[in-house]
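Novice: build me a model:
(one chain, ligands or ions: 1)
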Amino acid sequence: MRKKTSANKKPMSPKQKKILGILLAIAFTGFMTCVIIGVNILGNMISIANGEKIIDLEFYKENQDQTTIIYAKNEEDKFVELTKLHGEENRVWVDMEDMSEWMPKAFVAIEDSRFYKHKGVDWFSSTFGIIRSIVADGDIRGGSTITMQLIKNLTGEKGVTLNRKFNEILYALNMEKYYEKDELLEAYLNTIYLSHNCYGVQTAAETYFGKEVSELNLAECASIAVITQTPADYDPLWRPEANKKRQEWCLSKMLEEKMITQEQYDEAIAYELIFTNDERYIAEHEESVEKATDNEIQSYYVDYVITSVIRDLKEQGYSNYEANKMIYSGGLRIYSAVDTRVQNILEDVYVHRTNFPTQRVSDVKDMYQSAMTIMDYNGRIVALVGGAGEKTENRSNNRAVSAVRQPGSSIKPLTIYAPAIDKNIITWSSKIKNYGITWKGSRWPTNYGGDPGDPNSYITAQYAVAISYNTVPAQLLMMMGFDLSYDYLTEKFHITTYNDAQDSVSPSALATGGSTGGTTTLQMAAAFATFGNGGKYYEPYCYYEVKNSAGETILQNNNPEGEQVISPETSYVMNQMLQTVYYGSMGTARGYSVKGFTTFGKTGTTTANNDRWCVGGTPYYISAVWFGYDYNKSISASGNPAGLIFQTVMNRVHKNLADKSFEKYTNKVAKKTYCMETGLLASDKCPKVASGWYKTSNIPSTCVTCNGAVVESTTDVTGEGTTGVTQTPVTPESTTQAPPETTTQAPPAPEVNDTPVA
Ligand SMILES: [Zn+2]
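Specialist: Residues are numbered from 1 along each chain as shown. Modelled structure (predicted):
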């Protein structure tokens, strides 16, 4: 065998030497280039690592994919969670001091045991990790410190590249310069992905154990900490055995790091983990009214809360994008004003179409629709529903607040009677001609069934309200003028959806509710509240307060202030007058009053019976119901379906409520006996008398024309004099159905502008 020895080596030829020289030169140039580049990179590195703060944790804490929570008061008047809103990620930020002490320790033990020792980068393991990734040309997992993982979580960059790894190192050095270790760890624990769409330890604690993160023990913390490495493999709900095995490994690491004692270790190992999908699991927190799930359909109320918060944020100067971002990922705390008891009743009535007139149709869009808003008398929206049948999508057509419909006769108290009483144009018993006005050369309007009335017939204002005559409000409109009527409607009662150009000059829109624009159940409830609260208009609100994720109040509706829009006297007279709509023998809402509680309000019907309305108030609540189709089509059901729905809902809402009466809010009103012939205060010579409510500042003079003896005396509910028919008072419990009421009518020779929407 031939041995290789140095003796075999031949000396280099000159040619070879030359080649070697060139090679050495190239190598040297290359080396120097590397040095120069290296120094540059290093310089760059130092300037990034030591430069301006690159990532602002406060910003992320406030706006990065945090879950917004909507609360509602429960029956003990305590706020409980109603629902959660989140965009892509399900995350709740919890401060370190509100976490179980084991949570950060468990993560540090398995993810970055030298976390408190290094300066953001663990050079040894990082270098090792980089080399390994180059050699293996694969995943760069190793060597990621908690700080580096945090950066990955915050920047959301999913790709694993050498360049990104390099940036992570620089960012980590930068962050360590600006933040304490525990601030970084807190951010990390709140942004880490823990399977099941959980971001952060709080949502994980809720999802897997049904607990707050502060309530978890050592065994449970370790169980959550191990999920992060390969979430799908160690997901406690999917793979409890694998999770347990990994948890034991985590506990051994903690013991090794002397974070726990042998005794604590033994106890945690022996502890039996019970996850939320375990049949032995018993929920400790049952106060959650409604558990959020990924596909949860929110109530119409929640829809409206979201819409309102976005609207109000925009009013504060946020863009539409920013407002939406804050709602769905800003971690807001929204304290809604919903009364869940009332809301549940309302939803229960509306979801069951059996509570509506029967229909045989194949297409859902041909089915009856309806909406209802219930408020208290200080602006709080207690409950609302924007559609009939099952709700199938979020932020869908919310008819309660957005379906602008012709109000029909339900507008008359706002445009005609309240202004006329407030301005002392009429009293309760003023006699007004029951005959149409001359409008554009013709007589308009007629009453129910085309009855034109009679130029020699005069009826009291109260009676005209109760049975919803059209002629009388038309006469009153001419007396007060269009401007006054429209001003009350829009400025005092805040109806914003009438059409300014067309409806402000239309007798049809103002006297009979045959408008080009229209109104909503929310606006009607808020406007009619003035007849039950002494004349104050309150802007409706659906939330008390909104806090940002830092706990600062950013929007507020606590202690709303009302605006005195009509006098307390007018309010009270209107309240009494509108009670006769429900209790008068010919009242259009007769039979629809709320059991056991005084009810006031007004009904409405529009041209061709396309819309039915019922506005009704009790000493507790004011509400408005609309009923019809989503498009203009005649309702064929008998009676007033809106009245029936009003009664069905409100009877249930009031079922166990304590007795309550309407307050007067003033002593400047008086109940007086009046002469039914003249509408003036009765003398002992007036043959037919009744009683009504008057503002003490505007009491009629005493009748001097009658010359007979009193033959009859009736109470509040009165007939009109000329026909000689005296109405008998009726009891509220009467179940008689209301007669069909007068429909809105266009003037006989209408201009295009005055034609109600067909
Ligand atoms: Zn008289």
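
Novice: buried residues in the helix ranked longest in the chain?
Specialist: Using DSSP state H to assign secondary structure, the helix with the most residues in the chain is helix 14-50. For helix 14-50, burial by neighbour count (16 or more other Cβ atoms under 10 Å) applies to Ile48, Ala49. Where C-beta positions appear, they are placed from N, C-alpha and C, glycine not excepted.

Novice: can you name the residues that contact the residue in the stretch 351-500 of the chain positioned nearest to the ion?
Specialist: Distances between the stretch 351-500 of the chain and the ion by Cβ to the ion are smallest at Ser429, namely 10.7 Å. Residues in contact with Ser429 (Cβ atoms under 8 Å, 6 or more residues apart in numbering) are Thr460, Ala461, Gln462, Tyr674, Met676, Gly679, Leu680, Ala690, Gly692, Pro700, Thr718.

Novice: and which of those is nearest the ion?
Specialist: Nearest to the ion among the contacts of Ser429: Leu680, at 6.4 Å, using Cβ to the ion.

Novice: just the strands in the stretch 601-750 of the chain please.
Specialist: Per DSSP state E, counting those that start in this stretch, the stretch 601-750 of the chain has strands spanning 611-617, 622-628, 669-675, 688-695, 712-713. These are given in chain order.

Novice: now the first one: mean pLDDT?
Specialist: Confidence over strand 611-617 (mean pLDDT, whole number) is 97.

Novice: low-confidence ranges in this protein?
Specialist: 1-11, 59-65, 87-91, 125-126, 128-143, 155-164, 285-295, 319, 321, 709-758 (pLDDT under 70).

Novice: quick one: the residue nearest the centre of it from Tyr543, how far?
Specialist: With distances taken as Cα atoms, centre = their mean, the chain has Val305 as the residue nearest its mean C-alpha position (1.5 Å). Distance of Val305 to Tyr543, given as Cβ to Cβ, to the nearest Å: 6 Å.

Novice: also Ala72?
Specialist: According to Cβ to Cβ, Ala72 and Tyr543 sit 10 Å apart.

Novice: overlap of the contact sets of those two?
Specialist: Contacts common to Ala72 and Tyr543, judged by Cβ under 8 Å, 6+ apart, are Ser336.

Novice: ok, and Ala464, which helix or strand is that part of?
Specialist: Using DSSP states H and E, Ala464 sits within helix 461-466.

Novice: and that helix, what does it pack against?
Specialist: Judged by 3 or more Cβ pairs under 8 Å, 6 or more residues apart in numbering; DSSP states H and E, helix 461-466 is in contact with strand 431-435, helix 471-480, helix 568-583.

Novice: just to revisit the earlier point, SS state for the residue of the stretch 351-500 of the chain closest to the ion?
Specialist: coil (DSSP: H, G, I helix; E, B strand; the rest coil).

Novice: for the remainder of this discussion, apply numbering that starts at 22.
Specialist: Got it, the first residue is 22 from now on, which makes the last one we talked about Ser450.

Novice: mean neighbour count, the helices and strands packed on helix 482-487: which tops it?
Specialist: Most buried of these by mean neighbour count (mean count of other Cβ atoms under 10 Å) is helix 589-604; its value is a mean of 26.

Novice: output the contacting helices and strands for that helix.
Specialist: helix 439-443, helix 482-487, strand 621-626, strand 690-696, strand 709-716.

Novice: what lies in contact with the third one?
Specialist: Under the criterion Cβ under 8 Å, 6+ apart, residues 428-434, 486, 489, 534, 549, 552-553, 596-597, 599-600, 602-603, 609-610, 632-638, 661, 663-664, 683, 759, 761-765 lie in contact with strand 621-626.

Novice: which positions within that strand qualify as buried?
Specialist: Phe621, Gly622, Lys623, Thr624, Gly625, Thr626.

Novice: how about JSON lines for these, with distance to the ion added?
Specialist: Below are these laid out as JSON lines (distance: Cβ to the ion, whole Å):
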{"residue": "Phe621", "distance to the ion": "28"}
{"residue": "Gly622", "distance to the ion": "31"}
{"residue": "Lys623", "distance to the ion": "29"}
{"residue": "Thr624", "distance to the ion": "32"}
{"residue": "Gly625", "distance to the ion": "34"}
{"residue": "Thr626", "distance to the ion": "35"}
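
Novice: tell me the contacts of the residue lying closest to Lys265 once chain neighbours are set aside?
Specialist: Once flanking residues are discounted, Lys265 sits nearest to Leu294: 6.3 Å by Cβ to Cβ, 6 or more residues apart in numbering. Listed by Cβ under 8 Å, 6+ apart, the contact set of Leu294 reads Ala240, Glu241, Ser244, Pro257, Pro261, Asn264, Lys265, Gln268.

Novice: tally of neighbours for the third one?
Specialist: Looking back up the chat, that one is Ser244. By the measure other Cβ atoms under 10 Å, the count of residues near Ser244 is 29.

Novice: that older thread, of the contacts of Ser450, closest to Ser34?
Specialist: Ala482 (127.0 Å; Cβ to Cβ).

Novice: give me the neighbour count for that closest one.
Specialist: 27.

Novice: I figured it hits Val493, correct?
Specialist: Yes: with contact defined as Cβ atoms under 8 Å, Ala482 and Val493 form a contacting pair (7.1 Å).

Novice: give me the common contacts of the two.
Specialist: Contact criterion Cβ under 8 Å, 6+ apart; residues bridging Ala482 and Val493 by contacting each: Ile453.

Novice: Asn579 - nearest residue in space that isn't next to it in sequence?
Specialist: Tyr565 (5.4 Å).

Novice: ok, which of the helices and strands packed on helix 482-487 comes nearest Arg381?
Specialist: Here helix 589-604 is closest among the helices and strands packed on helix 482-487 (Cβ to Cβ), at 32.2 Å.

Novice: strand 632-638 and the closest one, what's the angle between them?
Specialist: Helix 589-604 and strand 632-638 are oriented at 120 degrees to each other (axes from the mean of the first three to the mean of the last three Cα atoms, to 10 degrees).
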